[in-house]
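Visitor: below are the sequence and a predicted model for it; my questions follow.
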Amino acid sequence: MSSEFKRFSIVVLLFGVIGGVFFSLYLVEQMGFITTGDRSASYTVRLDAIRYYLSQFSNNGVFAIGFAHDPEFLLLNHGYSLTYGRSIYYMDDIGIIGFLAVFGKLGIAWIIIFLSELLKQILYAGNRKIVMLLCFTVLATSGTLVYLNVQRIFYLVFVLLLVDFFVHERNLEGVA
């Protein structure tokens, strides 16, 4: 395969993925999956939580909220909803924004390093398609999951172990 064809394939794939994401968002909006019915309250609360945690990210310097103890810092950790009259926001519900609310600007550095390492793993993988699928899974679900959460940390470790296995798979073939 020529390098020109590879570049063309990458551009087509990139436009296809971006177009697919926008088309999916359009379909969700048109069909009202999130904004109407039983899910509308969850949607509203998550949007409010995103606004709240983004404001905390920019207001608290390098570390954002950090690891504030819940009983003493309930309002800081969970905000206050005027709609529901109580603290109802959870960082775990808003994925990468919740992660940034805890780690602040250091979290941005961590995410950049993590993404660059994932890209390196894809480039050096023995089985690129599987590694790309695993990396895509991590990235696609990070919008709603915080992988460093106690309940999900094992999921991240498991996926990264699979990535590492498939990256080094061709090196292991000569050992057996």
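Guide: Yep, it's here.
Visitor: where does the protein have low pLDDT?
Guide: 1, 28, 30-40, 60-61, 66, 68-70, 72-78, 170-176 (pLDDT under 70).
Visitor: center of it - which residue?
Guide: Closest to where the C-alpha atoms of the chain average out (Cα atoms, centre = their mean) is Ser142, at 1.9 Å.
Visitor: surely it meets Ile94?
Guide: No - using Cβ atoms under 8 Å, Ser142 is not in contact with Ile94; the gap is 10.6 Å. Backbone N, C-alpha and C define where each C-beta goes, glycine included.
Visitor: run the chain-centre distance for stretch 146-166.
Guide: Distance of stretch 146-166 from its chain centroid, counting by Cα atoms, centre = their mean, to the nearest Å, is 13 Å.
Visitor: again with stretch 118-129
Guide: Distance, centroid of stretch 118-129 to centroid of chain: 19 Å (Cα atoms, centre = their mean).
Visitor: buried set for that stretch?
Guide: Using 16 or more other Cβ atoms under 10 Å as the test for burial, stretch 118-129 gives 118, 121-122, 125.
Visitor: then stretch 134-152?
Guide: Result for stretch 134-152 [16+ other Cβ under 10 Å]: buried residues 134-135, 138, 142, 145-147, 149.
Visitor: next one: stretch 154-172
Guide: 156, 159-160, 163, 166-167.
Visitor: now secondary structure and distance to Tyr43 too, for these, in a markdown table please.
Guide: Below are those laid out as a markdown table (DSSP: H, G, I helix; E, B strand; the rest coil; distance: Cβ to Cβ, whole Å):
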| residue | secondary structure | distance to Tyr43 |
| --- | --- | --- |
| Leu156 | helix | 26 |
| Val159 | helix | 27 |
| Leu160 | helix | 31 |
| Val163 | helix | 32 |
| Phe166 | helix | 36 |
| Val167 | helix | 38 |
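Visitor: which one among those gets closest to Arg7?
Guide: Nearest to Arg7 out of the buried residues of stretch 154-172 is Val167 (Cβ to Cβ; 23.7 Å).
Visitor: now what about stretch 128-142, what contacts it?
Guide: Defining contact as Cβ atoms under 8 Å, 6 or more residues apart in numbering, one finds that stretch 128-142 is touched by 95-96, 115, 118, 121-122, 125, 147, 156, 159, 162-163, 166-167.
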